[in-house]
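Visitor: sequence below, structure please.
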Amino acid sequence: MTSQNTSGGETPHSGLLPGVADTANLKAIAFLSVSMAAFAFDDMFIKLASAEIGVGQILAIQSTFALLYFAWLARAKGQRITRQALLSRPLLIRHFGEATGAVCFVVALSLMPISNASAILQAAPLAVTLGAALILRETVGWRRWIAVLAGFAGVLFVIRPGLDGFTAASLFAVAAAFGLALRDLFTRAVPRTIPTEIIALVSNAVVLAASVILQSATSHWSWMSPYTTAMVLCASFFAIIAIHLVTIALRIGEVSVIAPFRYVRIVMAIGFGVVVFGERPDMYTWAGICLIVASGLYTIYREQIGKPRKRRNP
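Guide: Numbering: from 1, shown residues only. Prediction:
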């Protein structure tokens, strides 16, 4: 299950003193780093389980557990699903992007090296910058345009279209990156009156429906061996932990400050690829990963220095 930005468009730290903001950012960095590591474990267990059962079945089980978890949280807080939470246009588009990203990524994970799939997914923030310019008409300077182009060049290094290293599975990872970018773009427009738990609850219901359709259309539902059951349960556990922690991180920390720590996921994925799956990324893959990460970090840097500086009251 892929990472979720369920911040509901809220801006953390508004009006906080510098010392308070720094403490919150340190906590957010810790939460985000652990959540990215948990997502990497989630990816590993999904890939292990996909050797025996269909990815739609894996995602359906994961989504069911996540749905129950967020339903419990929402009930504990006295929150209800409103008409706005179901029919708000930004949320409908957001959930479509979420379902597309989740389904396409688990398909990619089952068919290609985990390090390659995770590397391509890291292009999602660059696609957000592209979408912000083309869809939301936000101003993007020439430096960030160059960073976006460099990042997409890195994706081409990883997937290598037209060359011997190319696999059609790479296209699922690219579709996942753009689906998650669409999700993140329209999360900005989600009304702040809709609680995070409700957003996550409805989102997982949509992903569950999509995964059931995927499994029913492409494969048969099957009984799982004890080993595969353990893999799916572990994947579900780490996915819920990751979703919860990344949600907290995005709510209490400044995105431009904590965002670089999202690359913990690709470092962990490469480690799992080498140790667990015996993968050996070639020089093209390494070059692509470096381009994607470097362009993402530079984009974050440009966004940070481009923010108007607020005067602090003496």
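Visitor: counting by contacts, list what whichever helix or strand Leu59 is part of packs against.
Guide: Assignment of secondary structure by DSSP states H and E places Leu59 within helix 55-76. With contacts defined as 3 or more Cβ pairs under 8 Å, 6 or more residues apart in numbering; DSSP states H and E, the packing partners of helix 55-76 are helix 18-49, helix 89-111, helix 196-218, helix 226-252. No exception for glycine: its C-beta is placed from N, CA and C like everyone else's.
Visitor: report the buried residues of the longest one.
Guide: This points to helix 18-49. Using 16 or more other Cβ atoms under 10 Å as the test for burial, helix 18-49 gives 21, 24-25, 28-49.
Visitor: can you list the low-confidence ranges for the stretch 101-250 of the chain?
Guide: Scanning the stretch 101-250 of the chain for pLDDT under 70 picks out the ranges 161-166.
Visitor: let's see 50
Guide: Using pLDDT under 50 as the threshold, the predicted model of the stretch 101-250 of the chain has no low-confidence range.
Visitor: and Ile53, which of the three is it?
Guide: Here Ile53 is coil, with the state taken from DSSP: H, G, I helix; E, B strand; the rest coil.
Visitor: and the gap between it and Pro90?
Guide: Ile53 sits 34 Å away from Pro90, taking Cβ to Cβ, to the nearest Å as the criterion.
Visitor: out of those two, which sits in the busier spot?
Guide: Set side by side, Ile53 and Pro90 give different neighbour counts by other Cβ atoms under 10 Å, the larger being at Ile53 (23 against 16).
Visitor: quick check, pLDDT for that one.
Guide: The pLDDT attached to Ile53 in the predicted structure is 94.
Visitor: show me the contacts for it.
Guide: Ser222, Met224, Thr228, Val232 (Cβ atoms under 8 Å, 6 or more residues apart in numbering).
Visitor: does Ala175 lie in a helix or a strand, and which?
Guide: For Ala175, the enclosing helix or strand under DSSP H and E is helix 169-187.
Visitor: that helix vs helix 89-111, what angle?
Guide: An angle of 160 degrees separates the directions of helix 169-187 and helix 89-111 when computed by axes from the mean of the first three to the mean of the last three Cα atoms, to 10 degrees.
Visitor: need the CA coordinates for helix 169-187. PDB is fine.
Guide: As requested, the backbone C-alpha atoms of helix 169-187 are provided in PDB (Å, rounded to 0.1, in the frame of the first residue of the first chain):
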ATOM      1  CA  ALA A 169       5.900  -3.600 -15.700                       C
ATOM      2  CA  SER A 170       7.800  -0.300 -15.500                       C
ATOM      3  CA  LEU A 171       4.700   1.400 -17.000                       C
ATOM      4  CA  PHE A 172       2.700   0.400 -14.000                       C
ATOM      5  CA  ALA A 173       5.200   2.100 -11.700                       C
ATOM      6  CA  VAL A 174       5.000   5.200 -13.800                       C
ATOM      7  CA  ALA A 175       1.200   5.100 -13.700                       C
ATOM      8  CA  ALA A 176       1.400   4.700  -9.900                       C
ATOM      9  CA  ALA A 177       3.700   7.800  -9.600                       C
ATOM     10  CA  PHE A 178       1.200   9.900 -11.600                       C
ATOM     11  CA  GLY A 179      -1.800   8.500  -9.700                       C
ATOM     12  CA  LEU A 180      -0.200   9.400  -6.400                       C
ATOM     13  CA  ALA A 181       0.700  12.900  -7.700                       C
ATOM     14  CA  LEU A 182      -2.900  13.400  -8.600                       C
ATOM     15  CA  ARG A 183      -3.900  12.400  -5.100                       C
ATOM     16  CA  ASP A 184      -1.400  14.800  -3.500                       C
ATOM     17  CA  LEU A 185      -2.500  17.700  -5.800                       C
ATOM     18  CA  PHE A 186      -6.100  17.400  -5.000                       C
ATOM     19  CA  THR A 187      -5.500  16.800  -1.300                       C
END
